[in-house]
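> Just need the structure, nothing else, for what follows:
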Amino acid sequence: MWEKISVWQYQQIYNVLNSKDKNDTDLDINVRLVAIVNNLTEMQVDSLPLNEYAELSKSITFLNEPINGKPVKFIRISNRRYRINYDVSKMPFARYIESKVFSEDLYGNLHKLAATMVIPQKRKYGIWVDLPYDASSHQEYANDMLEAKFIDVYHSLVFFYQVYRNWIEVSQDYMANKLTKAGMKEQEATEVVVSLLNILDGSIVPNLLPSTKIAQLRKHMNSQQ
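Presented below is the predicted three-dimensional model:
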């Protein structure tokens, strides 16, 4: 079922499972998750007969499963396509800084992070060709990423940042030199490079959802059956 979840749905799922509201009951959480996964409103789920609700609750059991998948070359959204750029050395410096800012809220900005690593394409003479990356259209790209398959974005992002960190680690002097030539003070440039090295360190894990909360919900779902 992970392959059917969009980035937007994942972000909502994550927010529900990490809610700080102590008044939320297991039933409240379960209803919200069922609604998100099935593209329903909470009111629609609340209005279901008990037997239908219990059956629909089975649709969220996959949340306790590993997020299996692999990096992809392209991300497709409706009739649009983006190519993922894994060549970190060709990224403009502004996009490195964007990555640092967006990574401060990794899950909330997952779509924005994805938008920094894609190249928009268009179909021309029967083949897909790259379009220039337009920084002013970043929000448009990010909005498209919300509709993308979560597993495609997630696994591609994991791979991208492995390459990203390795490249920065072996290019620290080069990066710092470029930043100072752009007008940044030497100490500030060094701090930026060190900060970039720390982006996402330890943040990407095989399963991004709290397993203890899922285990509690499974008990609740079983009690409804």
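
> ranges for the helices of the chain?
7-17, 26-37, 42-46, 50-57, 93-102, 110-116, 138-147, 150-170, 172-181, 186-197, 211-223 (DSSP state H).

> now the angle between helix 26-37 and the fourth one, please.
Direction vectors for helix 50-57 and helix 26-37, defined by axes from the mean of the first three to the mean of the last three C-alpha atoms, to 10 degrees, enclose an angle of 60 degrees.

> which helices and strands does helix 50-57 pack with?
Here helix 50-57 touches helix 26-37, going by 3 or more C-beta pairs under 8 Å, 6 or more residues apart in numbering; DSSP states H and E. The C-beta positions use only the backbone N, C-alpha and C, and glycine is treated the same way.

> could you give the angle of the helix it packs on to helix 7-17?
Using the same axes, to 10 degrees: helix 26-37 against helix 7-17 is 180 degrees.

> List the buried residues for helix 26-37?
29-37 (16 or more other C-beta atoms under 10 Å).

> Okay, domains of the protein per the record?
2-67+208-223, 74-197 (automatic domain parsing).

> Model confidence score at Tyr96, please.
At Tyr96, the pLDDT value in this model is 67.

> hey, which strand is longest across this structure?
strand 118-124 (DSSP state E).

> What is the burial count for Asn23?
Counted by other C-beta atoms under 10 Å, the residues lying close to Asn23 total 6.

> Would you reformat the buried residues of helix 26-37 as CSV and include pLDDT and distance to Asn68?
Below are the buried residues of helix 26-37 laid out as CSV (pLDDT from 0 to 100; distance: C-beta to C-beta, whole Å):
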residue, pLDDT, distance to Asn68
Ile29, 90, 24
Asn30, 91, 24
Val31, 92, 27
Arg32, 93, 25
Leu33, 94, 20
Val34, 94, 22
Ala35, 95, 25
Ile36, 95, 20
Val37, 94, 17
